[in-house]
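Novice: Pasting the sequence and the predicted model now:
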Amino acid sequence: MSRQRLLGLNGDEAAAYAIKQVNPDVVAAYPITPQTIIVERFSEYVADGLVDTEFIAVESEHSAMSCCIGAAAAGARAFTATAANGLALMWEMLYIAASLRLPIVMAVVNRAMSAPINIHNDHSDSMGARDSGWIQIYCENSQEVYDACIEAWRIGEHLDVQLPVMVCLDGFTLSHTMENVLTLSDEAVRDFIGERPYIKVEGHLGEAEFRLDPEKPLTMGPLDLYDFYFEHKMHQVEAMKEALKAVPEIDEEYAEISGREYRLLHPYMMEDAEVALIGLGSTMGTVRYVVDRMRKRGLKVGMVRMRVFRPFPTEELQKLLKDVEVVGVLDKAMSFGAPGGPLYEELRTIFYDVDENPLIVDYIYGLGGRDTPPHLIEEAYEGLLEVKRRGEAVEKLRFLGVRM
Amino acid sequence: MKEAKPGWRELPFGAVPYKSSLEYHTGDWGVERPEFDLEKCTRCTLCHFYCPEGAISFDAGHPEVDLRYCKGCGICANECPAGAIRMVRKG
């Protein structure tokens, strides 16, 4: 393990610093709160000559993603960052990036979708993009943001995967909060990410590396109607399955150089837990604190932090939660008109066919950055314990911290 | 097209077409085709440059259309300054 340097960085700075060490070929971005610091810091690195990156100051997020797609198709490493409405403006390009199999990395600084306009954190932006074909990693703290912004390249560029990766970090809670971050040396990062590998494809003029090269021309993504489109979607289905295997491999390799062990799921006090909360992002740090507090009162509570939401770690979750009596899902996004939030729906789905399954309730929380202090988490646990006592969940969709 | 198409496992990755567009004979989409009046034609080659399919050539010294690719859009007839192109029904 190489020597590491401790820096005081907020989440945005941690992302920018990691990307500086990665030194990608192209960064195309448009500033939007709370992602702004990433773009500001990175353009300073460019101005100071600390990176070789071509920085493209685009006029919109649609163009930012389009530039990244063009660059990645030409074989470059491309990075961008956005939030909320900026992500929404990229919409059609998100799908194109994923279906053209371009391993772009994007930091999404999670922020509530307007209206009413709100710059604070929830997951309504990236949750809306969950079907776009991107891998999604949700970070709990700045350290994780830094580490994920390095690991993401290896995950997306893995030859069996070849998909774009979103590194999601909670707006303000992480993006603007300074924390201690252990950073690797530039050399260690360079050695870890190496050069971008290319898969070989059989183009119309024979075998070629999967990148646009005038010497070995390829056409990417032309008209593909009912006779081929479906088959190409199967490639994406398969790539996500492969990603589920690739992420733990790369996590293990990263642990060797950093000493920090990441997994698809991070359980805490789950061995004998009777009730558990599951969720994504920075709130799970608060949940861990509440678990400790409630454990001191002798209550058998546990939690699972989901680090990787796409691909969805179905089997791992089934194994982890099957013996729990009641599971509460923390959803920081609402799917209006649906039975509940996105994580809740998928979690219930994977337990439909399992004999031993927990009772599952949904807690929609923190919308628009609504504070979620320990007493609210405790309230959620009390609710789960109440469901356990009754043996049934009468009210399945609950709203935590909203004024009634 | 009645050809056997490859399954998803055989297809190249990243929506890269597995064969050249030269092998897609899209001319059968069209209803009309251009007919050239070689008496009026000044050999200006504008029809060659305007054709979106690259289906008109002057290899023979005068315009010829490759009906395997001509979709019958009529742009050539519209652009011909000499009025030497008339669209007629295919077949």
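Specialist: Sure, I can see it.
Novice: Write out the residues of chain B neighbouring chain A.
Specialist: Residues of chain B lying near chain A by Cβ under 8 Å from any Cβ of the partner chain: B:1, B:5-8, B:11-21. (Glycine included, C-beta is placed from N, CA and C.)
Novice: filter those to the buried ones?
Specialist: B:11, B:12, B:13, B:14, B:15, B:16, B:17 (16 or more other Cβ atoms under 10 Å in any protein chain shown).
Novice: Mind putting those residues into TSV with distance to residue A:273 and pLDDT?
Specialist: Formatted as TSV, those follow (distance: Cβ to Cβ, whole Å; pLDDT from 0 to 100):
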residue	distance to residue A:273	pLDDT
B:11	46	88
B:12	47	85
B:13	42	82
B:14	43	84
B:15	45	84
B:16	48	87
B:17	52	83
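Novice: center of chain A - which residue?
Specialist: With distances taken as Cα atoms, centre = their mean, residue A:137 lies nearest the centre of chain A, 2.2 Å away.
Novice: Please read the previous query as pertaining to chain B.
Specialist: Residue closest to the mean C-alpha point of chain B, counted by Cα atoms, centre = their mean, is residue B:70 at 2.6 Å.
Novice: Give me the subset of the residues of chain B next to chain A that lies in helices.
Specialist: Among those, no member falls in helices (DSSP state H).
Novice: residue ranges of the strands in the stretch 101-250 of chain A, please?
Specialist: Taking DSSP state E, counting those that start in this stretch as the criterion, the stretch 101-250 of chain A carries its strands at A:105-110, A:135-138, A:165-170, A:179-183, A:200-203, A:206-209.
Novice: likewise chain B?
Specialist: Assigned strands in chain B, in chain order: B:32-36, B:56-57, B:64-65, B:85-89 (criterion: DSSP state E).
Novice: Excluding chain neighbours, what is closest to residue A:135?
Specialist: Leaving aside its sequence neighbours, residue A:135 sits nearest to residue A:165 (Cβ to Cβ, 6 or more residues apart in numbering or on different chains; 4.4 Å).
Novice: Can you pull out the low-pLDDT segments for chain B?
Specialist: Residue ranges of chain B with pLDDT under 70: B:1-2.
Novice: can we see that at 80?
Specialist: In the prediction, chain B carries residues with pLDDT under 80 at positions B:1-3, B:18-19, B:91.
Novice: for whichever residue of the stretch 1-150 of chain A sits closest to chain B, what are its contacts?
Specialist: Nearest residue of the stretch 1-150 of chain A to chain B, counting by Cβ to the nearest Cβ: residue A:101, 4.1 Å away. By Cβ atoms under 8 Å, 6 or more residues apart in numbering or on different chains, residue A:101 lies in contact with A:162, A:163, A:210, A:235, A:236, A:239, B:13, B:14, B:15.
Novice: Kindly report the same for residue A:310.
Specialist: When contacts are counted by Cβ under 8 Å, 6+ apart, residue A:310 is found next to A:130, A:134, A:135, A:136, A:240.
Novice: top of those by neighbour count?
Specialist: When neighbours are counted by other Cβ atoms under 10 Å in any protein chain shown, residue A:135 leads these with 26 neighbours.
Novice: That residue contacts residue A:162, correct?
Specialist: No. Counting by Cβ atoms under 8 Å, residue A:135 sits too far from residue A:162 to count as a contact (10.7 Å).
Novice: what's next to stretch A:30-43, contact-wise?
Specialist: By Cβ under 8 Å, 6+ apart, stretch A:30-43 touches A:10, A:12-13, A:15-17, A:19-20, A:27, A:29, A:51, A:53, A:55, A:57-61, A:63-64, A:81-86, A:107-109, A:111, A:119, A:121, A:171-172, A:175-176.
Novice: got the buried residues for stretch A:385-398?
Specialist: A:385, A:387, A:388, A:393, A:397, A:398.
Novice: re the thing from before, can I get the contacts of residue A:101 in a markdown table with distance to residue A:198?
Specialist: As requested, the contacts of residue A:101 are exported to a markdown table (distance: Cβ to Cβ, whole Å):
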| residue | distance to residue A:198 |
| --- | --- |
| A:162 | 9 |
| A:163 | 14 |
| A:210 | 5 |
| A:235 | 16 |
| A:236 | 18 |
| A:239 | 15 |
| B:13 | 11 |
| B:14 | 10 |
| B:15 | 16 |
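Novice: Closest one to residue B:77 out of the residues you listed, please.
Specialist: residue B:15 (34.7 Å; Cβ to Cβ).
Novice: any idea which helix or strand carries residue A:276?
Specialist: strand A:275-279 (DSSP states H and E).
Novice: next structured bit after that strand?
Specialist: helix A:283-296.
Novice: Residue ranges of each domain in chain A, please.
Specialist: Per the record, chain A has its domains at A:5-198+A:237-258, A:265-400, by automatic domain parsing.
Novice: Buried residues, stretch A:4-24. List them.
Specialist: Residues of stretch A:4-24 classed as buried by neighbour count (16+ other Cβ under 10 Å): A:4, A:7, A:9-24.
Novice: How about stretch A:48-65?
Specialist: Buried-residue list, stretch A:48-65, by 16+ other Cβ under 10 Å: A:51, A:53, A:55, A:56, A:58, A:61, A:62, A:63, A:64, A:65.
Novice: In a markdown table: those, plus secondary structure.
Specialist: Below are those laid out as a markdown table (DSSP: H, G, I helix; E, B strand; the rest coil):
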| residue | secondary structure |
| --- | --- |
| A:51 | coil |
| A:53 | coil |
| A:55 | strand |
| A:56 | strand |
| A:58 | coil |
| A:61 | helix |
| A:62 | helix |
| A:63 | helix |
| A:64 | helix |
| A:65 | helix |
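Novice: Now do the strand holding residue A:276 against helix A:283-296, angle only.
Specialist: Orientation of strand A:275-279 against helix A:283-296 (axes from the mean of the first three to the mean of the last three Cα atoms, to 10 degrees) gives an angle of 170 degrees.
Novice: follow-up on the earlier one: next up, the contacts around the nearest residue to the residue nearest to the centre of chain A once chain neighbours are set aside.
Specialist: Excluding its sequence neighbours, the residue lying closest to residue A:137 (Cβ to Cβ, 6+ apart) is residue A:148, at 4.9 Å. Residues in contact with residue A:148 (Cβ under 8 Å, 6+ apart) are A:137, A:139, A:167, A:262.
Novice: Would you mind measuring from residue A:342 to residue B:84?
Specialist: 62 Å (Cβ to Cβ, to the nearest Å).
Novice: which bits of the stretch 101-250 of chain A sit near chain B?
Specialist: Counting by Cβ under 8 Å from any Cβ, the stretch 101-250 of chain A sits next to chain B at A:101-102, A:162, A:199, A:201-205, A:210, A:218-222, A:224, A:227-228, A:230-232, A:234-235, A:238.
Novice: Just give me the longest helix of chain A.
Specialist: helix A:229-258.
Novice: Mind giving me the packing neighbours of that helix?
Specialist: helix A:91-99, strand A:135-138, helix A:142-157, helix A:186-193 (3 or more Cβ pairs under 8 Å, 6 or more residues apart in numbering or on different chains; DSSP states H and E).
Novice: Tell me the neighbouring strands of the next helix or strand after it, and mark each as parallel or antiparallel.
Specialist: Remark: after helix A:229-258, the chain's next helix or strand is strand A:265-268, criterion DSSP H and E. Strand A:265-268 sits in its sheet next to strand A:301-306 (antiparallel), going by DSSP bridges.
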